[in-house]
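Peer 1: Sequence and predicted structure, then a few things I'm wondering about:
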Amino acid sequence: MLIKTSYRDVPTKANGRSGTIRIYLIEPNVPEYPEAKFPGCVVFSEIYQVTGPVERQSGHDSPSTGYGYSTHSSRFASNIASEGYIVALPSSFHEFEGPEPIPYDTEGTDRGNKYKIEKTVEGYDEDATLSVDLLSSLPNCTGRIASTGMCLGGHLALRAAFDPRVLATFCYFATDVHSATLGKGKSDDTLIKVRNGDLRGKGEVAMVFGKQDTHVDRAGRTLIRDTFDDAGITLSFIEVQAQHAFIRDESSKGRWDAALSRSLFGMMMEMFTRLVARDLGPRASTGAKIEHVC
């Protein structure tokens, strides 16, 4: 399916400060079907904002009155859009600088890590809410929403799952979940909210971690899995033979695994197709009798 890109500049007000966040949109381009509707997906990026591997359109981006096409080939968000989803990509560090991608170098890494713990959790959550609000407001969106992201974005995608409008969440190597160190003060409440049941009865979650990932060790992965299981949350927990950033096809320091990335993308799309693209109606209660026909 062909795609088109645009962006919206949306007002923000978290922490009592007025500002603007740029949310990029990538959506199916089917002019022969003017009334077509598609589910939505929020893609949260790494500490480098919306880069090429995540899907940052280069130099030809245009506001909501027109469209430009990315010169990057087959990147993450574009692949999702081409499967029939309207994808929203928020620029996470709008409080500190413009929406341009941060370079994959030492200075860029230091800058992104600095912003990551200067931005408040309230600010991150507002970004997620505004992204879901934007998708839900579009006339060509069904209002059925998924979320995904990698690294910092994996954690943000997980926090987006607390929004009942998000029906499925697929997190790639989410950082700072086990250590509760996201945002200003390095003291987030993500696992506390999970323990308190804030995800119960909401969407399904999948989390992927590389077993060689130095950002989330074995004890951290075990803590995350056990917390979800103890809280009775529907979770697919996937551990693979990979290092951090293994899905990034640029500046991954030799860690990119294309075959593994394709396999996991297929698993993600199965989940989204099953839970988001299709409307299955309300979920049966846990005690409901389900008949199986052989």
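Peer 2: Arrived safely, thanks for sending.

Peer 1: Can you show me the helices along the stretch 51-200 of the chain?
Peer 2: With DSSP state H, counting those that start in this stretch as the definition, the stretch 51-200 of the chain shows helices at residue ranges 76-82, 106-118, 121-137, 152-160, 190-195.

Peer 1: Please produce a markdown table containing the ones you listed, extended by mean neighbour count and mean pLDDT.
Peer 2: C-beta coordinates here come from the backbone N, C-alpha and C atoms, glycine included. Output for the helices of the stretch 51-200 of the chain, formatted as a markdown table (neighbours: other C-beta atoms under 10 Å; pLDDT from 0 to 100):
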| stretch | mean neighbour count | mean pLDDT |
| --- | --- | --- |
| helix 76-82 | 23 | 93 |
| helix 106-118 | 15 | 94 |
| helix 121-137 | 20 | 98 |
| helix 152-160 | 27 | 97 |
| helix 190-195 | 18 | 98 |
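
Peer 1: Minimum distance to residue 49: which of those helices has it?
Peer 2: Ranking these by proximity to residue 49 (C-beta to C-beta) places helix 106-118 first, at 7.7 Å.

Peer 1: now that closest one, how far from the chain's geometric center?
Peer 2: 19 Å (C-alpha atoms, centre = their mean, to the nearest Å).

Peer 1: next one: stretch 209-223
Peer 2: 19 Å.

Peer 1: buried set for that stretch?
Peer 2: Across stretch 209-223, burial judged by 16 or more other C-beta atoms under 10 Å covers 209, 210, 213, 215, 216, 220, 221, 223.

Peer 1: which one of those sits closest to residue 20?
Peer 2: Nearest to residue 20 among the buried residues of stretch 209-223 is residue 215, at 30.6 Å by C-beta to C-beta.

Peer 1: Surely the closest one and residue 175 touch.
Peer 2: Yes - under the criterion of C-beta atoms under 8 Å, residue 215 makes contact with residue 175 at 5.1 Å.

Peer 1: Mind listing the shared neighbours of these two?
Peer 2: Listed contacts common to residue 215 and residue 175 are residue 151; contacts here mean C-beta atoms under 8 Å, 6 or more residues apart in numbering.
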